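Novice: I would like the atomic coordinates for the input below:
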Amino acid sequence: MTSPETIAAEQTALTPSAESAAPAPTLRRVRIFGTGFGIAIAGANLEAVIVRSRPSASTVAASTVITGFSSRPAAEWGSELLRFLAAAGEPQLAATVVLPREEVIVRTVRLAGVAEKDIASAIELQLDTIHPWEDEPVEWAWWRVTPADVVIGVVRQSVLSHYETLFSEAGIPMAAATFSSAVIYAALRLRHGDAKRHYQQGAPPSFFCYLTPAPGRVEVYGESEARPCYSAGFTLAPERALAVARAELRIAPDQPALDLSHALPESRGVSPLAAAAALAASAPLLLRFANLLPAERRASHDRARYLLPVILGGLLVIGLLGVFVAFPLINEHRYNTDLTAEFNRLQQPALRVQSIDKQLASHRARIAALDEFRKRPQADLDLMNELVRLLPQQVWTSSIDISPDSVMLTGEADQAAPLLKLLDSSPLFEKSEFVTSVTRNGSVDQFRIKTMRRGRAGRSTP
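Specialist: Numbers count the residues shown, from 1 in each chain. The predicted structure is shown next:
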């Protein structure tokens, strides 16, 4: 048997020192940021604690006890809690309420090989075997403690609705309704990850603590190889309750038990269970614990405390956007502006160059026309000589119209038809044809022939 005096001595010997607490990894520490408001229902009293958690440490900001709440009007004790929150500078906090241990059934179920997404369905299949309330409606929540073990908390809907109504009448919003083992498990891992809390060198791979939530009641929480998460409430004497718990955990009979307030240094001087709830709620980015309250009925925590990190994060995002988005856009705009200015500067000279090019082209065309005109008399004389040579003496012409690309012949001949072939045989003519039909006038043919000057098709008179 372990006497209360021995337990107290063991607690003093096993209290963790600042030097023995291993620091959390840096990346994990930066996610520890927030403020939690925990309420533990301890018999006829409400124990309330506010904890502020930061990467460096978690501190108790305020604590209070509301006595005799169950026999007082809800508005009365609710006003006390609201004044307590306002005095602590946290008027918008929603409460994480720890229900009495006797109202919640807690079981550890082995679900080896079940995927995370299928755990809820697996629990529903065996939910009726976990609680003794038969067909009475229940609410339940779970969390995984090992790859194969899941801890489940079950409460009757009537009990949960009673506390919801009570806190609603008091004007205290509820963010979570939970139970002791869920918040203790989460609070122990706030700074130490998933490792067991070892308070001295060579300590066994187990953890064992107790608390007294109400007179005549002892609640034990433990972790061991046999029971990864153990929670039980007793109405026995403390030494008897601890002996039963040691047997359930399969740990040595002489392994000491800690008071929960010594297991959680942040809870010294305040309610350890309310402090555990506040600790679990103070790091929403890091910790998840079993919440019996349905998601649609949970109140949100005030997010004003996250304003500074959000602003700093926003400034960082704006800076990154400036570097990777705005700066290239500004640089491109500046480049376009410079390019436009240079284009405008060179546009007038370019237009002058184009005008000069057009004038040069016109002058070249005129020069070519003049050269052509200069050469034309000689070419026409050569053409006339060729016609004199080609046409027989029997052919008489009344007119010869010479143009740059063709020659029009009008006259008479004994036979006009052979003249076309005769003209085309010359190196100066081609494509000869009658412009009008040949007419016979007595013994002669009257004709009008157009023949093209070879190599000059398409030319016009300048």
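Novice: contacts, neighbours, all on C-alpha from now
Specialist: Fine.
Novice: any idea how far residue 253 lies from residue 264?
Specialist: 23 Å (Cα to Cα, to the nearest Å).
Novice: neighbour-wise, which of the two wins?
Specialist: The neighbour comparison of residue 253 against residue 264 (other Cα atoms under 10 Å) goes to residue 264, with 20 against 14.
Novice: tell me where the model's unsure across the protein.
Specialist: Flagging of the chain using pLDDT under 70 yields the residue ranges 1-26, 192-205, 301-308, 373, 375-376, 457-462.
Novice: switch to 50 and redo it
Specialist: 1-24, 195-204, 302, 304-305, 460-462 (pLDDT under 50).
Novice: now do the SS call for residue 209.
Specialist: Here residue 209 is recorded as strand under DSSP: H, G, I helix; E, B strand; the rest coil.
Novice: list the contacts for it?
Specialist: 220-222, 257-260, 263 (Cα atoms under 8 Å, 6 or more residues apart in numbering).
Novice: residue 275: which of the residues you listed is nearest?
Specialist: Of all the contacts of residue 209, residue 275 sits closest to residue 260, with 10.0 Å by Cα to Cα.
Novice: hang on, that closest one packs against residue 210?
Specialist: Yes. Residue 260 is in contact with residue 210 according to Cα atoms under 8 Å; the separation is 5.8 Å.
Novice: and the strands in the stretch 301-450 of the chain?
Specialist: With strands called from DSSP state E, counting those that start in this stretch, the stretch 301-450 of the chain shows them at 396-402, 406-413, 429-434, 439-441, 444-453.
Novice: so what strands line up beside the third one?
Specialist: Right, strand 429-434. The strands that strand 429-434 pairs with in its sheet are strand 444-453 (antiparallel) (by DSSP bridges).
Novice: may I have the strand it pairs with exported as CSV, CA atoms only?
Specialist: Taking C-alpha atoms only, strand 444-453 is exported to CSV below (Å, rounded to 0.1, in the frame of the first residue of the first chain):
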residue,chain,number,x,y,z
VAL,A,444,-6.9,42.8,-153.3
ASP,A,445,-7.5,42.0,-149.6
GLN,A,446,-7.9,44.9,-147.3
PHE,A,447,-6.4,44.2,-143.9
ARG,A,448,-5.7,45.7,-140.4
ILE,A,449,-3.0,43.7,-138.5
LYS,A,450,-1.7,44.2,-135.0
THR,A,451,1.7,42.6,-134.2
MET,A,452,3.5,42.8,-130.9
ARG,A,453,7.1,44.0,-130.7
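Novice: neighbouring contacts of that strand?
Specialist: 404-416, 420, 423, 428-440.
Novice: apply 6 Å and report the result again.
Specialist: For strand 444-453, contacts defined as Cα atoms under 6 Å, 6 or more residues apart in numbering pick out 405-414, 416, 428-436, 438-439.
Novice: from the residues you listed, which would you call buried?
Specialist: 405-413, 416, 428-430, 432-434, 438 (16 or more other Cα atoms under 10 Å).
Novice: any idea how the chain splits into domains?
Specialist: The chain resolves into domains spanning 4-302, 321-385, 391-462 when parsed by automatic domain parsing.
Novice: winner for burial among those?
Specialist: Using mean count of other Cα atoms under 10 Å, the stretch among these with the largest mean neighbour count is domain 4-302, at a mean of 18.
Novice: now do it: distance to the chain's middle.
Specialist: 33 Å (Cα atoms, centre = their mean, to the nearest Å).
Novice: remind me, longest helix of the chain?
Specialist: As assigned by DSSP state H, the longest helix anywhere in the chain is helix 327-390.
Novice: relative to strand 396-402, how tilted is it?
Specialist: Calculated by axes from the mean of the first three to the mean of the last three Cα atoms, to 10 degrees, helix 327-390 forms an angle of 160 degrees with strand 396-402.
Novice: give the other helices and strands that helix 327-390 contacts.
Specialist: On a contact count with 3 or more Cα pairs under 6 Å, 6 or more residues apart in numbering; DSSP states H and E, helix 327-390 meets no helix or strand.
Novice: angle of it against strand 406-413?
Specialist: On the basis of the same axes, to 10 degrees, helix 327-390 is oriented at 20 degrees to strand 406-413.
Novice: the residue most central in space within the chain and residue 141: what is the separation?
Specialist: Centroid-nearest residue in the chain, with Cα atoms, centre = their mean: residue 317, separated by 12.8 Å. Relative to residue 141, residue 317 is positioned 37 Å away (Cα to Cα).
Novice: you'd agree residue 106 is in a strand?
Specialist: Yes. Membership of residue 106 in a strand is supported by three-state DSSP.
Novice: if we ignore the residues flanking it in sequence, what's nearest it?
Specialist: Once flanking residues are discounted, residue 106 sits nearest to residue 153: 4.5 Å by Cα to Cα, 6 or more residues apart in numbering.
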